[in-house]
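# Curious how this folds, go ahead:
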Amino acid sequence: MKKTVCLILSIALLFSSCKREEGCVDPLAMNYNIEAEKDDGSCIFAYDIAQGIWNINPDCEEYTIPVIGTTISLNDELPESVDVLGGGGNNLYIDINGSVVDGNIDSDGNLTVPLQTIQVDMGFGPMGIDITGDGQIESETAGNLNLTYSFEIEAFPGFPLSESLDCSIVLSR
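Numbering: from 1, shown residues only. From the prediction side, this is the model:
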C-alpha cells in the first residue's frame, strides 16, 4: 500500500508603507521639528536671518543734563536702520551710526549684548558710553532689542554724575 504525503506551503507577504514626516531635523534651527524624520531643507537659523539691514523704531528715555538744561534724546541720536554683520560662530556685530556693538545669538534667536564701552558723540564731542542688553529675533522680518546706555557726565567740575538710560528698539524689515 502506498501512502501519499501532501505538503502545503504557505507564504505570507506583508507590505507596509509608512510615510516619514518631513521637516527641519537640525536641533540648532529655530524651526526644529522633533517629529521630523526626513530633512526637507526648511531649516531656519537665527544667526543667518539676524544678519543684514534692520529698520529700527526706538523708544528711549531722555536725559536732561543738570544745570545746563540740555536734553539728550537717544531716539534722535539713533539712525533709521542698523546693519547686523556676522562674525562667525554665534557672534554678531551691530553697526549703530558707526559705533560697532558686539552681540551673540543662540539657536532660539535670543540676542545678548554683553557689557562694553562704545564711543558716541551726542553733540559735546565723543564720550565713552557703556552699553549692554538683550533681545529676540522672532522671524526673518521681526525682532526687538533692549539696550541700556550708562555714562558719566560732569555736572560741575570734579562732580561726575552716573546716569543710565533704557532703550527699547523694535526691529523690522
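# can you tell me the distance between the two ends of stretch 47-58?
22 Å (Cα to Cα, to the nearest Å).
# residues near residue 152, how many?
By the criterion of other Cβ atoms under 10 Å, residue 152 has 13 neighbours. C-beta coordinates here come from the backbone N, C-alpha and C atoms, glycine included.
# Pairing partners for the helix or strand of the chain with the lowest mean pLDDT, with directions?
None of the helices or strands of the chain scores lower by mean pLDDT, DSSP states H and E than strand 71-73, at a mean of 80. Neighbouring strands of strand 71-73 in its sheet, by DSSP bridges, are strand 62-64 (antiparallel).
# Report the rounded mean pLDDT for the partner strand.
Strand 62-64 comes out with an average pLDDT of 83.
# Skip the chain neighbours and tell me the closest residue to residue 70.
Spatial nearest neighbour of residue 70, excluding adjacent residues (Cβ to Cβ, 6 or more residues apart in numbering): residue 64 at 7.1 Å.
# Quickly note the distance from that neighbour to residue 111.
For residue 64, the distance to residue 111 equals 30 Å [Cβ to Cβ, to the nearest Å].
# what does residue 166 give?
Computed as Cβ to Cβ, the residue 166 to residue 111 distance reads 16 Å.
# And those two? Which one has more around it.
Using other Cβ under 10 Å as the criterion, residue 166 and residue 111 rank with residue 111 on top: 24 against 13.
# Tell me the secondary structure of the residue lying closest to the more buried one once chain neighbours are set aside, please.
Take residue 111 and drop its neighbours on the chain: the residue closest to it by Cβ to Cβ, 6+ apart is residue 135, 3.9 Å away. Taken by DSSP: H, G, I helix; E, B strand; the rest coil, the conformation at residue 135 corresponds to strand.
# Run the chain-centre distance for the helix or strand hosting residue 58.
In the assignment (DSSP states H and E), residue 58 maps to strand 52-60. How far strand 52-60 lies from its chain's middle: 13 Å, per Cα atoms, centre = their mean, to the nearest Å.
# Same question for stretch 46-61.
In terms of Cα atoms, centre = their mean, the centre of stretch 46-61 is found 8 Å from the chain centre.
# Buried residues, that stretch. List them.
46-47, 49-51, 54, 56, 58, 60-61 (16 or more other Cβ atoms under 10 Å).
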